[in-house]
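Asker: Based on what follows, work out the 3D shape:
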Amino acid sequence: MWTRKHTRARWTEAARAAEQRRTALVALPHVSNLLGGIVDLPAVVQAAHAVGARVVADGVAYAPHRAIDVDAWDVDWYVYSTYKVFGPHMAVLYGRDDALAERGPQPTSSPTVTSPPVPGLMG
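Answerer: Modelled structure (predicted):
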């Protein structure tokens with residue numbers, strides 16, 4: 001039977017494996033949606049950063065239930081859906097300043113729609 005203990009152990013093993021490989025990015029869920037096991041994010045981040053890898057954590061199952069503290073976790077990227085925390089249907093993407101600077105300038109929006117494709121659609 002798979003338990004929360006197994007979930008913690010697997011992510012600890014994954015963090016150790018990242019130390020032994022040429023890993024550039026570690027992507028993981030912050031919480032198991034199936035069992036509710038919470039990943040020790042600071043431990044994974046520390047292991048990843050030790051080999052120069054970036055970390056992106058999916059907080060969609062964590063955000064509605066616990067306080068988010070990206071500074072304490074030292075995570076490079078953190079993402080979750082705002083509708084899970086009673087917001088509109090969109091997402092939040094947090095990026096540390098140095099991680100954002102590393103990416104360089106990014107487009108921030110698509111071209112503005114000046115006329116609707118269907119008359120009366122936008123008012």
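Asker: pLDDT below threshold where in the protein?
Answerer: Per-residue confidence for the chain (pLDDT under 70) gives these ranges: 1-21, 105-123.
Asker: where exactly do the strands run in it?
Answerer: Secondary structure of the chain by DSSP state E: the strands cover 25-29, 54-58, 77-81, 91-95.
Asker: Pairing partners for the third one, with directions?
Answerer: It stands for strand 77-81. When pairs are called by DSSP bridges, strand 77-81 turns out to pair with strand 54-58 (parallel), strand 91-95 (antiparallel).
Asker: sorry, back to before: closest to residue 67 out of the strands of the chain?
Answerer: Closest to residue 67 of these is strand 77-81 (CB to CB; 12.6 Å). In this view, the C-beta of every residue, glycine as well, is placed from N, C-alpha and C.
Asker: on that earlier part again, with distance to residue 66 and mean neighbour count as new columns, can the strands paired with strand 77-81 be given to me in TSV?
Answerer: Formatted as TSV, the strands paired with strand 77-81 follow (distance: least, CB to CB, whole Å; neighbours: other CB atoms under 10 Å):
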stretch	distance to residue 66	mean neighbour count
strand 54-58	13	21
strand 91-95	15	15
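Asker: What count of nearby residues applies to residue 67?
Answerer: Close neighbours of residue 67, defined as other CB atoms under 10 Å, add up to 7.
Asker: what's near enough to touch it?
Answerer: Listed by CB atoms under 8 Å, 6 or more residues apart in numbering, residue 67 has no contact partners.
Asker: Tell me, how many residues neighbour residue 98?
Answerer: Residue 98: 9 surrounding residues under other CB under 10 Å.
Asker: Distance check, it against residue 89.
Answerer: 30 Å (CB to CB, to the nearest Å).
Asker: all helices of the chain, in order?
Answerer: Secondary structure of the chain (DSSP state H): helices at 4-20, 41-50, 70-73, 97-103.
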